[in-house]
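Enquirer: Mind looking at a prediction? Sequence and model below.
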Amino acid sequence: MNESSLISKVWNFAHVLRDDGVGYGDYLEQITYLLFLKMADEMSRPPYNKNIHFPKIKDTEGHELPDGEPCDWPTLSRKRGAELEAYYSRMLRSLGTEKGMSGQIFTKSQNKIQDPAKLLKIIDMIGQEQWTMVGADIKGNIYEGLLEKNAADTKSGAGQYFTPRALIKAMVQCVAPEPGKTIHDPACGTGGFFLAAYDYITANYELDREQNAFLKNSTFSGNEIVAGARRLCLMNMFLHSIGEIDGESFISSNDALIADENIRVDYVMANPPFGKKSSRTITNEVGEQERQDLSYNRQDFWATTSNKQLNFLQHIRTLLKGTGQAAVVLPDNVLFEGGAGETVRRELMKTTDLHTILRLPTGIFYAQGVKANVLFFDNKPASRDPWTKDVWVYDYRTNVHHTLKKSPMKLEDLQDFVKCYNPTNRDARKETRSGTSPEGRWRKFTYAEIISRDKTNLDILWLKDKSLADPDILASEIIENIQAGLESFKEIMETINGVGGEGQ
């Protein structure tokens, strides 16, 4: 089957199930479980002959039943009707207690397709293909497409784990990762930064066997505390030929902010979760659930705060090797907030070279009303003098208007920024101000200029906002601000009422 017909087949079935009330998210999860099982079965046979452990059905305490059936593809594909549904549910629960990648894939897994006939159709669809023979680009395109559809489905709430791929690719082009170096994402979602970095390295370098092995098994690491997002990330990576089906998981389920785990890497590229405060749900003395602000008291942090974004920024600085580089998406409050925010900005400019800020437009994220930026900085050794000499700012927000459906941001839209960033020679940068363009988007601000600003404010504006004269644009921005305000109000109400739980 060719690529287009295979992709069409998988996606069309998603639409059929959606009409029956099964959302993209539930379909995607079942596809993940079944693809993993089918590919594990294929790789246990010639020519691969991998020694993959398929456990027997386990009891509720995680012990294999002596007379239990094996949790493998051949057993599953023989089942029908009520027997299929019962076996599949027990199989998912049993596999979720395994170690390594398979355990992470099946953690908290559930059968979300209660109709055995529809479940059998998915099993048959997957069973008809030899997936190990399908190119990684084709498998990857299918899976990435499903991830994007799931992110766009507002009911699923999966958008918070999906960073626009155009933005990710532009960030990777600027960082320009090299082979043989390590890449980390402390809030990796579905793995977008990993895949873009992998594609960049394979497209720009002729890798030898040792470099290929390092790229496949040792380059990437990250954290994701949400089990569903973590499983999608692992499967997304595996379908792109990263990691081993019988290997260890390179994605930790630990909260990245809890402690310094002594991981030091060459690159950090990340879009930490939106939401200003870190919090956890606790049960009070009368048995009621309350939401409590969570501050991380770490010796490697410059400031103790419950602001999740500032904590991620401090954590990312800790993760970097002495020559490490970072590119991180952060909301506007990180640029101007006082108190801990000012402390973090001052220390960041002292200890690293904060050389570039990209101001992002609204309307590019699945969360409404987000105003964000990308901060690019290089770690440096201890010094008496601040390492940041100049901060270059590219304003791709003022008079720029994107929407997710009608006018989505494309990679081409960010190519002028990449050109100005000049990844091959940052010392040769030039401002875009000129006689014909006195208000260019690309400007340089010295350390002295920034440190003299109130609260060391990095939220720097200079372009005239033409939307103030356009009623349509003004109306859309008012709507965005109202939506952002509602999200903030919702967060406050959840804090007051103790609704919701921990999550990134």
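Expert: Structure's in. What do you need?
Enquirer: what about the strands in the stretch 51-200 of the chain?
Expert: 183-185 (DSSP state E, counting those that start in this stretch).
Enquirer: Break down it into its helices, ranges please.
Expert: Remark: helices assigned in the stretch 51-200 of the chain by DSSP state H, counting those that start in this stretch are 73-78, 81-95, 100-106, 116-127, 136-152, 165-175, 192-204.
Enquirer: out of these, which comes closest to residue 58?
Expert: The closest of those to residue 58 is helix 81-95. By C-beta to C-beta, the value is 4.1 Å. C-beta here means a position set from N, CA and C on the backbone, and glycine is covered the same way.
Enquirer: So which bits of the longest strand along the chain are buried?
Expert: As assigned by DSSP state E, the longest strand anywhere in the chain is strand 320-331. In terms of neighbour count (16 or more other C-beta atoms under 10 Å), strand 320-331 has its buried residues at 320, 324, 325, 326, 327, 328, 329, 330, 331.
Enquirer: Check the burial of the residue nearest to residue 161 when sequence neighbours are not counted by counting its neighbours.
Expert: With sequence-adjacent residues excluded and distances taken as C-beta to C-beta, 6 or more residues apart in numbering, residue 161 is closest to residue 189, at 3.6 Å. Residue 189 has 28 neighbouring residues, counting by other C-beta atoms under 10 Å.
Enquirer: mind checking how far residue 189 is from residue 160?
Expert: 8 Å (C-beta to C-beta, to the nearest Å).
Enquirer: any chance of the buried residues of strand 320-331 in TSV, with pLDDT and distance to residue 146 too?
Expert: Listed next are those as TSV, based on pLDDT from 0 to 100; distance: C-beta to C-beta, whole Å:
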residue	pLDDT	distance to residue 146
320	98	33
324	98	33
325	98	32
326	98	30
327	98	26
328	98	27
329	97	23
330	97	28
331	94	28
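Enquirer: Can I get stretch 324-332 in PDB? Just the C-alpha atoms.
Expert: The C-alpha coordinates for stretch 324-332 follow below in PDB (Å, rounded to 0.1, in the frame of the first residue of the first chain):
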ATOM      1  CA  GLY A 324      25.200  24.500  26.700                       C
ATOM      2  CA  GLN A 325      22.700  26.400  24.700                       C
ATOM      3  CA  ALA A 326      18.900  26.900  25.300                       C
ATOM      4  CA  ALA A 327      15.900  28.000  23.400                       C
ATOM      5  CA  VAL A 328      12.700  28.200  25.500                       C
ATOM      6  CA  VAL A 329       9.200  29.400  24.900                       C
ATOM      7  CA  LEU A 330       8.000  31.600  27.800                       C
ATOM      8  CA  PRO A 331       5.000  33.900  28.400                       C
ATOM      9  CA  ASP A 332       5.300  37.700  28.600                       C
END
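Enquirer: quick revisit: okay, the helices of the stretch 51-200 of the chain in TSV with mean neighbour count next?
Expert: Listed next are the helices of the stretch 51-200 of the chain as TSV, based on neighbours: other C-beta atoms under 10 Å:
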stretch	mean neighbour count
helix 73-78	17
helix 81-95	18
helix 100-106	21
helix 116-127	17
helix 136-152	19
helix 165-175	22
helix 192-204	20
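Enquirer: ranking those by mean pLDDT, which is last?
Expert: Per-stretch mean pLDDT for the helices of the stretch 51-200 of the chain is lowest at helix 136-152 (a mean of 87).
Enquirer: What helices and strands are in contact with it?
Expert: Here helix 136-152 touches helix 3-19, helix 24-43, helix 227-239, going by 3 or more C-beta pairs under 8 Å, 6 or more residues apart in numbering; DSSP states H and E.
Enquirer: From the rest of the structure, what touches the longest strand of the chain?
Expert: 163, 167, 171, 174-175, 264-272, 274, 276, 309, 312-313, 316-317, 352, 360, 370-381 (C-beta atoms under 8 Å, 6 or more residues apart in numbering).
Enquirer: which residues sit in contact with residue 204?
Expert: Here residue 204 is in contact with residue 176 (C-beta under 8 Å, 6+ apart).
Enquirer: ditto for residue 300
Expert: 260, 314, 318.
Enquirer: Among those residues, find the one with the greatest number of neighbours, please.
Expert: Most neighbours among the contacts of residue 300, by other C-beta under 10 Å: residue 314, with 24 neighbours.
Enquirer: ok, which stretches of the stretch 201-350 of the chain are strands?
Expert: Under DSSP E, counting those that start in this stretch, the stretch 201-350 of the chain gives strands at 220-223, 251-252, 265-270, 279-283, 289-293, 320-331.
Enquirer: Give the pairing partners of the first one; include direction for each.
Expert: This means strand 220-223. strand 183-185 (parallel), strand 251-252 (parallel) (DSSP bridges).
Enquirer: Out of the ones you listed, which one sits most buried?
Expert: strand 183-185 (a mean of 26; mean count of other C-beta atoms under 10 Å).
Enquirer: residues making contact with it?
Expert: Against strand 183-185 from outside (C-beta under 8 Å, 6+ apart): 177, 191, 193-194, 197, 219-223, 263, 265-270, 319.
Enquirer: Repeat that for stretch 149-165.
Expert: Contacts for stretch 149-165 (C-beta under 8 Å, 6+ apart): 11, 14, 23-25, 28, 144, 147-148, 189-190, 192-193, 196, 226, 229, 232, 271, 273-274, 329, 364-367, 404, 408-409.
Enquirer: Give me the subset of the contacts of residue 300 that lies in helices.
Expert: 314, 318 (DSSP state H).
Enquirer: can I get the strands of the stretch 201-350 of the chain in CSV with distance to residue 53?
Expert: Below are those laid out as CSV (distance: least, C-beta to C-beta, whole Å):
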stretch, distance to residue 53
strand 220-223, 24
strand 251-252, 20
strand 265-270, 31
strand 279-283, 35
strand 289-293, 39
strand 320-331, 36
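Enquirer: was I right about residue 269 contacting residue 173?
Expert: No. The criterion here is C-beta atoms under 8 Å, and residue 269 misses it with residue 173 at 11.3 Å.
Enquirer: circling back to that earlier point, kindly write the ChimeraX command that selects the buried subset of the contacts of stretch 149-165.
Expert: Buried members of the contacts of stretch 149-165 can be picked out in ChimeraX with the line below, counting by 16+ other C-beta under 10 Å:
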select :14,23,24,25,28,144,147,148,189,190,192,193,196,226,229,232,271,273,274,329,364,365,366,367,409
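Enquirer: Could you tell me the least trusted of the strands paired with strand 220-223?
Expert: strand 251-252 (a mean of 95).
Enquirer: okay, and for this structure, where does confidence drop off?
Expert: Within the chain, the segments meeting pLDDT under 70 span 1-2, 154-156, 275-293, 434-438, 467-481, 483-504.
Enquirer: mind running it again at 50?
Expert: 281-284, 289, 499-504 (pLDDT under 50).
Enquirer: Which residue ranges make up each domain of it?
Expert: Domain ranges of the chain: 3-144, 162-497, per automatic domain parsing.
Enquirer: Reformat those as TSV; add distance to residue 153.
Expert: Formatted as TSV, those follow (distance: least, C-beta to C-beta, whole Å):
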stretch	distance to residue 153
domain 3-144	5
domain 162-497	10
